[in-house]
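**Student:** fold the following and give me the result.
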Amino acid sequence: RLTGRLARAETLARWCEQATATIRGRIATIPASERPSVYYARGPRGLETGLGGSINVETLSFLGARNVAATQPGSGLAQVSLEQVLAWDPEVIVTIDLSFSDSVRRDPAWAGIRAVKAGRVHLSPKLPFGWVDFPPSVNRMAGLWWLAKLLYPAQFAEDIRTIAREFHTLFYQVTPSEAQLDAVLSGRG
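**Tutor:** This next block holds a predicted model:
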């Protein structure tokens, strides 16, 4: 109302409401025992993570993923040891840190973790803002689709490129080229 863009606001809100309803509906059909354990790795060594209730892991919580650090005391972000991550042995690792993403696959200290062995270490997109973590922005809506496809591929057959293109066109009023989509989805931009 303040900017005189009520119709546009309604269009954006409808897209978000439809996306969250669709994602929630599909997640609801997945038994808790089939939801993957996930470690959210931050920092160049991957040893900072979001604890239960942290704003940094809201997308994982929304998707019903089992955050391995959720049972740790406290809230927000915390430093953990590699030994703790090894004990958690997550099935999936999600990171926003390019240097960690590049090094973890070659680091023998991380080699025994299920996510690393299975090639399930994923660098989150972050253009024009983070899709999983900071800043808390509308990009988390695209991030929900991206994460849902990674965590539950059988339930989310949509093409993430199509969703990302639609999202950028609608929310940023710019339709990305194929090369721009490659850059966005690589998480390296």
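**Student:** just want the phi and psi numbers for the residue lying closest to V68 once chain neighbours are set aside.
**Tutor:** Nearest non-adjacent residue to V68, counting by C-beta to C-beta, 6 or more residues apart in numbering: W88, 3.8 Å away. Just so you know, the C-beta spots here come from the backbone N, C-alpha and C atoms, and that holds for glycine as well. Dihedral pair for W88: phi -70, psi -40, per degrees, to the nearest 10.
**Student:** which residues touch stretch 166-174?
**Tutor:** Identification of contacts with stretch 166-174 by C-beta atoms under 8 Å, 6 or more residues apart in numbering yields 11-12, 15, 128, 138, 141-142, 145, 175-176, 184.
**Student:** just checking, what packs against the helix or strand harbouring R8?
**Tutor:** Assigned by DSSP states H and E, R8 falls within helix 6-28. Where contact means 3 or more C-beta pairs under 8 Å, 6 or more residues apart in numbering; DSSP states H and E, helix 6-28 is packed against helix 139-151.
**Student:** sorry, back to before: residues contacting the residue nearest to V68?
**Tutor:** Applying C-beta under 8 Å, 6+ apart to W88 gives the contacts 37, 39, 68-69.
**Student:** so which of those is the most crowded?
**Tutor:** Among the contacts of W88, the one with the most neighbours (other C-beta atoms under 10 Å) is Y39, at 25 neighbours.
**Student:** how many neighbouring residues does D102 have?
**Tutor:** Neighbour number of D102 under other C-beta under 10 Å is 12.
**Student:** average pLDDT across the helix or strand harbouring it?
**Tutor:** In this assignment (DSSP H and E), D102 forms part of helix 98-104. What helix 98-104 shows for mean pLDDT is 95.
**Student:** mind listing residues that contact the next helix or strand after that helix?
**Tutor:** Once the chain leaves helix 98-104, the next helix or strand it forms, by DSSP H and E, is helix 114-117. Contact with helix 114-117 is made by 39, 89-93, 104-105, 110-111, 120-121, as judged by C-beta under 8 Å, 6+ apart.
**Student:** now do 10 Å
**Tutor:** Residues outside helix 114-117 that contact it (C-beta atoms under 10 Å, 6 or more residues apart in numbering) are 36-39, 41, 85, 88-94, 104-107, 109-111, 120-122.
**Student:** what's the ChimeraX syntax to select whichever of those residues are buried?
**Tutor:** To isolate the buried members of the contacts of helix 114-117 in ChimeraX, using 16 or more other C-beta atoms under 10 Å:
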select :36,37,38,39,41,85,88,90,91,92,93,94,104,110,120,121,122
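**Student:** who does the helix holding D102 touch, helix- and strand-wise?
**Tutor:** strand 37-41, strand 92-95, strand 121-123 (3 or more C-beta pairs under 10 Å, 6 or more residues apart in numbering; DSSP states H and E).
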